[in-house]
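Asks: Here is my input; please provide its structure:
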Amino acid sequence: MSMKAFLASVSVALALAAASGPAAPAMEPEAIDVLTERNPDFAQGRRAVEARDWKTAIKWLTAADKRTSNNADIHNLLGFAYRNDGQVDVALKHYQRALQIDPRHRGVHEYMGEAYLMLNEPAKAEEHLAILKKICSSACPERDDLSSKIAQYRARK
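Replies: So this is what the prediction gives:
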């Protein structure tokens, strides 16, 4: 991916994060760039996620998983799409699969925590926050985002 295209994708992600509704998916930029270049289904899936077209994203990301199996980023993004499509139980299965592949995947821990908040299970969300606190360095947006979401959840209860 060219620097211009990468910066454009970062701009889209930041715009999505600033907009109301679900946050932009948390993924490692370098690994995602390689995956996007090598797997056109993943690239289509990412575009559908950026457009918030969850059903189309699920279709393309499912195809991406067939093309590049055992990839934590694909399962993380599939979980993200399913969760935003209202299918939290299916999302959790993809997050769990992603953690089997990469137990230290920060984005997965953040999103699993958010999914558990949707299911009114804050104790499970706290478990993922505790994991993020252990695996993150000083700068960790996934830890900070989940911590904020848990605080917001608790303030509403």
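Asks: Just give the number of residues close to residue 150.
Replies: Other residues near residue 150 come to 19 when the count uses other C-beta atoms under 10 Å. For glycine as for every other residue, the C-beta is placed from the backbone atoms N, C-alpha and C.
Asks: Now it: closest residue in space that isn't a chain neighbour?
Replies: Nearest non-adjacent residue to residue 150, counting by C-beta to C-beta, 6 or more residues apart in numbering: residue 125, 5.5 Å away.
Asks: tell me the phi and psi of that neighbour?
Replies: Taking degrees, to the nearest 10, you get phi -60, psi -40 for the backbone angles of residue 125.
Asks: can I assume it is in contact with residue 151?
Replies: No: using C-beta atoms under 8 Å as the test, residue 125 is too far from residue 151 to be in contact (10.9 Å).
Asks: In terms of neighbours, single out the busier of those two.
Replies: Ranked by neighbour count (other C-beta under 10 Å), residue 125 and residue 151 place residue 125 first, with 26 against 10.
Asks: Let me see the contact set for the more buried one.
Replies: 112, 113, 114, 116, 117, 146, 149, 150, 153 (C-beta atoms under 8 Å, 6 or more residues apart in numbering).
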